[in-house]
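A.B. asks: Could you work out the structure for the sequence below:
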Amino acid sequence: MFAREALVINVLLAVGLILLFYEAPGRRRWAAPRNPAIRLGAILLVNCLSCCYIAWRFQHTLPEFEATPAACWAWLFFACEAATIAYELWSLCVLIRVTNHSPEADRYEQELRRRPDLPTVDVFIPTYSEGPEIVEDTIRGALRLDWPAARLKVWVLDDGRRPWLQELCAQRGVGYFARPSNEHGKAGNLNYALPRTDGEFILIIDADFVLRPNFLYRTLGFLLYRTGVGLVQTPQHFRNPDPVQHNLFGARAWPEEQNFFMTVVESARDAYSNAFCVGSGWLVPRARLRELGGFPQESICEDLEVSYALLARGYRTLFLNERLCQGMAPESVPEYIKQRVRWCTGTIQHLFLRTGPLRARGLSWLDRVFYLEPIVYWLTYPFIVLLLLAPLVFWYTGVPAFHATGDEILLLVVPRFVANYILVYWLSEGKVLPPVTTVHKMLPAFHLAAAVAKALVRPFGQPFKVTLKGQARDRITVQWPLFALFAAVAAAFVIGMLLNYLGLHNPVDLGDMTALNVAWSFYSLLVVLLCALACVEFPKGRDYVNATGEVLHANVVGAIRALLTRFLG
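C.D. replies: Model prediction:
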């Protein structure tokens with residue numbers, strides 16, 4: 001066990017972080033300052049706590065390494081935990097700096113509006129199964145772009161080969177392509193249209209997104225006036241809540257899950273010239289695509305692939321953090337999970353590509369680390385499953401994931417987790433809110449852990465599965481397979497604890513029922529119950545789709561009120 005002095009050091013570190021959180025000048029408490037020195041200081045404090053924690057875990061909480069179930073379980077859990085913490089340390093360091101290109105975009109917009117010879121632009125709208133209302137909104141948005149009509153052409157790329165859509169395009173005066181087959185998914189659809197068009201720049205927007213009129217004036221200048229930029233990416237914002245928000249009554253209490261990545265993480269990666277394309281709302285010169293031989297299509301995540309294919313040739317992805325388009329988030333839990341499984345599978349495929357982070361030529365070592373980061377993110381999901389299973393293993397077998405006394409919990413466990421949660425909430429500008437974020441991760445965790453294993457064994461040959469949008473929901477719908485899974489886990493928690501406390505089945509000695517295991521069990525039970533409730537999908541009311549009502553920062557009181565209402569209602 002660590003000396004008493006270590007406790008003092010850790011408490012001081014936690015206090016220092018809290019003081020930084022409260023005393024950052026001129027900012028609201030959820031808004032981290034842009035000063036890299038202040039951000040660095042806070043991150044170093046928390047990373048120091050994490051390093052002390054993992055050292056303590058290795059030195060004081062592990063059994064002898066031997067071929068017994070208890071020892072193997074403890075060492076497996078620790079290995080996955082250490083890998084996850086290493087990923088967290090890196091992720092926090094990335095957030096030291098963030099960029100803001102809006103002042104530069106202002107200058108470029110003024111320059112473009114003075115030009116008499118604006119370049120030609122093709123707008124590509126790839127679509128597969130979206131309904132008429134959704135696609136028509138996207139077409140209308142593209143036609144409303146503030147750009148000379150003679151220099152702009154809108155193309156709908158229909159991989160569903162639907163006659164009604166061809167007729168709609170004729171009525172709206174936009175181009176229409178329907179290729180005879182669907183190989184290579186979205187990338188193949190884009191490549192079919194590429195040689196059949198001739199605009200100098202190509203704007204790619206998914207069929208469920210609506211562009212703002214000033215999109216081209218805000219983005220195209222970076223490609224004309226700044227050297228070394230291969231494409232410009234804008235963040236994805238959404239007109240509807242994701243399933244967890246909607247089903248847990250949090251549509252007005254916390255942001256949509258991707259908001260943190262889209263508005264904070266991408267800006268931080270951009271500071272290192274390693275932001276990457278996210279598939280919709282991006283602009284690229286046709287000349288850059290010619291250098292690549294078209295849109296890369298070796299993986300089902302062509303957006304990540306095109307970013308690093310360009311970076312290997314010296315062209316960075318520039319991230320402009322402005323809300324210039326809005327789309328539709330998945331509307332049901334199964335579609336939400338299907339979308340994440342596709343992202344997970346496609347990202348892991350890059351490990352095996354000749355243009356991936358391990359084999360690509362032209363990338364620096366830092367580029368390769370950034371390229372690996374989204375891959376490692378998905379590889380942490382098996383640990384999320386272990387976090388859920390660990391209390392169950394404890395209550396039914398008496399084997400804890402690790403041993404810790406009350407003093408040790410106060411020494412390292414509590415300060416680390418409290419400080420980490422505060423820091424992430426602060427750096428995310430109030431977008432990451434436990435336990436809601438834990439629910440977002442736990443809900444697809446079993447599917448994603450299976451997807452990770454499958455992608456590592458057989459990465460290719462899996463079809464591109466489109467996320468369905470515009471689904472009608474006029475009544476309560478229970479996603480029974482998922483609901484049953486989480487309800488069964490919750491029941492197992494309750495039964496296991498009751499059996500031990502009542503002495504009916506007590507593999508756990510009373511002295512081993514430490515505060516850590518009990519608190520861990522109740523927190524896991526809370527998350528599992530919230531996941532089960534998220535699988536009960538409520539009807540979509542009139543305000544479900546709202547282009548102006550997007551929540552950008554969490555309201556802690558509002559979130560607590562929403563969750564209590566959901567539990568009690």
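A.B. asks: From now on I want contacts and neighbour counts done on CA atoms only, so please keep to that.
C.D. replies: Fine.
A.B. asks: Following the chain onward from whatever helix or strand residue 85 lives in, which element is next?
C.D. replies: According to DSSP states H and E, residue 85 maps onto helix 69-94. Stepping forward along the backbone from helix 69-94, the first helix or strand reached (DSSP H and E) is helix 102-114.
A.B. asks: so what does that next one touch, helix or strand wise?
C.D. replies: Packing partners of helix 102-114 (3 or more C-alpha pairs under 8 Å, 6 or more residues apart in numbering; DSSP states H and E): helix 215-225.
A.B. asks: Can you pull out the residues in contact with the helix it packs on?
C.D. replies: Helix 215-225 has contacts (C-alpha atoms under 8 Å, 6 or more residues apart in numbering) with 105-106, 108-109, 112-113, 145-147, 229-232, 283-285, 320, 324-325.
A.B. asks: re earlier: rounded mean pLDDT for the helix holding residue 85, please.
C.D. replies: Mean pLDDT, helix 69-94: 96.
A.B. asks: Quick one: neighbours of the closest residue to residue 464 other than its chain neighbours, just the number.
C.D. replies: Leaving aside its sequence neighbours, residue 464 sits nearest to residue 185 (C-alpha to C-alpha, 6 or more residues apart in numbering; 5.6 Å). Around residue 185 there are 21 other residues, counting by other C-alpha atoms under 10 Å.
A.B. asks: List the buried residues of the host helix or strand of residue 490.
C.D. replies: Secondary structure assignment for residue 490, by DSSP H and E: helix 480-501. By neighbour count on 16 or more other C-alpha atoms under 10 Å, the buried set for helix 480-501 is 482-483, 486-487, 489-490, 492-494, 496-497, 499-500.
A.B. asks: Of those, just say which sits nearest to residue 119.
C.D. replies: residue 482 (50.2 Å; C-alpha to C-alpha).
A.B. asks: Wait, that closest one touches residue 529, no?
C.D. replies: No. The criterion here is C-alpha atoms under 8 Å, and residue 482 misses it with residue 529 at 11.8 Å.
A.B. asks: and the contacts of helix 215-225, which are buried?
C.D. replies: 105, 108-109, 112, 145, 147, 229-232, 283-285, 320, 324-325.
A.B. asks: Tell me which of the residues you listed fall in helices.
C.D. replies: When DSSP state H defines the helices, the subset of the buried ones among the contacts of helix 215-225 inside them is 105, 108, 109, 112.
A.B. asks: tell me which of these is nearest to residue 237?
C.D. replies: Nearest to residue 237 among those is residue 105, at 19.2 Å by C-alpha to C-alpha.
A.B. asks: so what's that closest one scoring on pLDDT?
C.D. replies: Reported pLDDT for residue 105: 98.
A.B. asks: number of nearby residues for the closest residue to it other than its chain neighbours?
C.D. replies: Spatial nearest neighbour of residue 105, chain neighbours left out: residue 218 (5.5 Å); criterion: C-alpha to C-alpha, 6+ apart. If you count neighbours by other C-alpha under 10 Å, residue 218 ends up with 23.
A.B. asks: any idea which element residue 53 lies in?
C.D. replies: For residue 53, the host element (DSSP H and E) is helix 36-60.
A.B. asks: what about residue 563, is that helix, strand or coil?
C.D. replies: Under the three-state scheme (DSSP: H, G, I helix; E, B strand; the rest coil), residue 563 adopts helix.
A.B. asks: so which strand or helix has the residue lying closest to residue 486 once chain neighbours are set aside?
C.D. replies: Excluding its sequence neighbours, the residue lying closest to residue 486 (C-alpha to C-alpha, 6+ apart) is residue 532, at 5.3 Å. Using DSSP H and E, residue 532 maps to helix 515-534.
A.B. asks: Which strands and helices lie in contact with the helix or strand just after that helix?
C.D. replies: Downstream of helix 515-534, the next assigned helix or strand under DSSP H and E is strand 536-537. Secondary-structure packing of strand 536-537 (3+ C-alpha pairs under 8 Å, 6+ apart): helix 243-247, strand 477-478.
A.B. asks: tell me the pLDDT at the residue lying closest to residue 106 once chain neighbours are set aside?
C.D. replies: Closest residue to residue 106 apart from its sequence neighbours, by C-alpha to C-alpha, 6+ apart: residue 218 at 7.2 Å. With respect to pLDDT, residue 218 scores 98.
A.B. asks: how far off helix 515-534 does the helix holding residue 490 point, in degrees?
C.D. replies: Put simply, helix 480-501 runs at 150 degrees to helix 515-534, going by axes from the mean of the first three to the mean of the last three C-alpha atoms, to 10 degrees.
A.B. asks: Helix 480-501 packs against which elements?
C.D. replies: By 3+ C-alpha pairs under 8 Å, 6+ apart, helix 480-501 packs against helix 381-397, helix 515-534.
A.B. asks: can you pull the buried residues of the shortest one?
C.D. replies: Of the residues in helix 381-397, 381-396 count as buried by neighbour count, 16+ other C-alpha under 10 Å.
A.B. asks: and if you look at the last one?
C.D. replies: Of the residues in helix 515-534, those scored as buried under the neighbour-count criterion (16+ other C-alpha under 10 Å) are 516-517, 520-521, 524-525, 527-534.
A.B. asks: where's it relative to the chain centroid, distance-wise?
C.D. replies: Centroid displacement of helix 515-534 relative to its chain, using C-alpha atoms, centre = their mean, to the nearest Å, is 23 Å.
A.B. asks: centre of the chain versus stretch 417-428, how much separation?
C.D. replies: 17 Å.
A.B. asks: Backbone dihedrals for residue 431, both of them.
C.D. replies: Reported as degrees, to the nearest 10, the phi and psi values for residue 431 are phi -100, psi -20.
A.B. asks: Measure how buried it is and give me the count.
C.D. replies: Neighbour count for residue 431, taken as other C-alpha under 10 Å: 28.
A.B. asks: just to revisit the earlier point, ok, the residue nearest to residue 464 - contacts?
C.D. replies: Taking C-alpha under 8 Å, 6+ apart, one finds 300, 463, 464 in contact with residue 185.
A.B. asks: confidence score at it?
C.D. replies: 93.
A.B. asks: now it: how far from residue 438?
C.D. replies: According to C-alpha to C-alpha, to the nearest Å, residue 185 and residue 438 sit 31 Å apart.
A.B. asks: Check residue 303 too.
C.D. replies: For residue 303, the distance to residue 438 - C-alpha to C-alpha - is 27 Å.
A.B. asks: Check residue 51 too.
C.D. replies: Counting by C-alpha to C-alpha - residue 51 and residue 438 are separated by 22 Å.
A.B. asks: residue closest to the middle of this protein?
C.D. replies: residue 258 (4.8 Å; C-alpha atoms, centre = their mean).
A.B. asks: secondary structure element for residue 154?
C.D. replies: Counting by DSSP H and E, residue 154 is found in strand 152-158.
A.B. asks: Just name whatever secondary elements that strand is in contact with.
C.D. replies: strand 121-127, helix 132-143, strand 175-177, helix 185-193.
A.B. asks: what lines up beside it in the sheet?
C.D. replies: strand 121-127 (parallel), strand 175-177 (parallel) (DSSP bridges).
A.B. asks: so what's the residue nearest to the centre of the chain scoring on pLDDT?
C.D. replies: Reported pLDDT for residue 258: 96.
A.B. asks: how near is the closest residue to residue 320 other than its chain neighbours to residue 190?
C.D. replies: Leaving aside its sequence neighbours, residue 320 sits nearest to residue 234 (C-alpha to C-alpha, 6+ apart; 5.2 Å). Distance, residue 234 to residue 190, using C-alpha to C-alpha: 19 Å.
A.B. asks: Between these two, which has more neighbouring residues?
C.D. replies: When residue 234 and residue 190 are compared for neighbours, residue 234 comes out ahead with 26 against 22, by other C-alpha under 10 Å.
A.B. asks: show me the contacts for that one.
C.D. replies: So residue 234 contacts 281, 282, 319, 320, 321, 322, 323, 324, 325 (C-alpha under 8 Å, 6+ apart).
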